[in-house]
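Visitor: After the sequence you'll find the predicted model.
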Amino acid sequence: MPAEPTEVQVRPGVEADLAALTDIYNHYVQSTPITFDTVAFTPEERRPWLLSHPEDGPHRLKVAVAADSQAILGYATSSAFRAKPAYGTSVEVTVYLAPDAGGRGVGTLLYKALFEALAEEDLHRAYAGIAQPNEASVRLHERFGFRHLGTYREVGRKFGRYWDVAWYEKDL
């Protein structure tokens, strides 16, 4: 794993982060196929998402901040994989970085903190869906022990074309 940037701190997400987290997510909504949302959100529309990730439990939100400025560099979440009760020991995980925060080890720090927090929970598997192509995300997930399960071909349509999603799994 790359050396940890000393200028980055990872902590649980809080209400005061909502606007910045929404801005980061909206970048991906408006500019990339990484998320299949197609319309930008207001912070108020994203509030239920934030509140669904408390500081403890299996559904977490970790935020990376620059130590000097406290600017939010990105976030990682674990969320419900599916709504049915038998899926309760599985989570879907994801990382979103601010547009200028890539390639600095921030994603690695976020996942390290997230998986350390989840180690104390009654969880069995983590899953990640990665819209293709996205080599940086594939490398990050493989670095954390995720293995490719399969690919849904042309499962989402955005920006006038179809996109594949590769699915990855990790034992917890």
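Guide: Yep, it's here.
Visitor: show me the contacts for residue 40.
Guide: For residue 40, the contacting residues are 26, 29-30, by Cβ atoms under 8 Å, 6 or more residues apart in numbering. Glycine gets a C-beta too; all of them are placed from N, C-alpha and C.
Visitor: Can you show me the helices along this structure?
Guide: Secondary structure of the chain (DSSP state H): helices at 18-31, 43-51, 106-118, 135-143.
Visitor: can I get the ones you listed in CSV with mean pLDDT?
Guide: Putting the helices of the chain into CSV (pLDDT from 0 to 100) gives the following:
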stretch, mean pLDDT
helix 18-31, 98
helix 43-51, 97
helix 106-118, 97
helix 135-143, 96
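Visitor: so which of those helices comes closest to residue 69?
Guide: Closest approach to residue 69 among those is made by helix 18-31 (11.6 Å; Cβ to Cβ).
Visitor: residues contacting residue 68?
Guide: Contacts of residue 68 by Cβ under 8 Å, 6+ apart are residue 7.
Visitor: what's the distance between it and residue 110?
Guide: 18 Å (Cβ to Cβ, to the nearest Å).
Visitor: Buried residues in stretch 44-54, which are they?
Guide: Neighbour-count burial for stretch 44-54 flags 46, 49-50, 53 (criterion: 16 or more other Cβ atoms under 10 Å).
Visitor: Contacts for that stretch, please.
Guide: With Cβ under 8 Å, 6+ apart as the criterion, stretch 44-54 contacts 13, 15, 17-18, 21-22, 25, 59-61, 77-79.
Visitor: repeat that for 7 Å
Guide: Identification of contacts with stretch 44-54 by Cβ atoms under 7 Å, 6 or more residues apart in numbering yields 13, 15, 18, 22, 59-61, 77.
Visitor: And stretch 107-125, by the same measure?
Guide: So stretch 107-125 is in contact with 1-2, 4, 8, 10, 57-58, 60, 62, 64, 74-76, 78, 89-91, 93, 95, 97, 140, 143-144, 169-172, going by Cβ under 7 Å, 6+ apart.
Visitor: Any idea how far stretch 56-72 is from the middle of the chain?
Guide: 12 Å (Cα atoms, centre = their mean, to the nearest Å).
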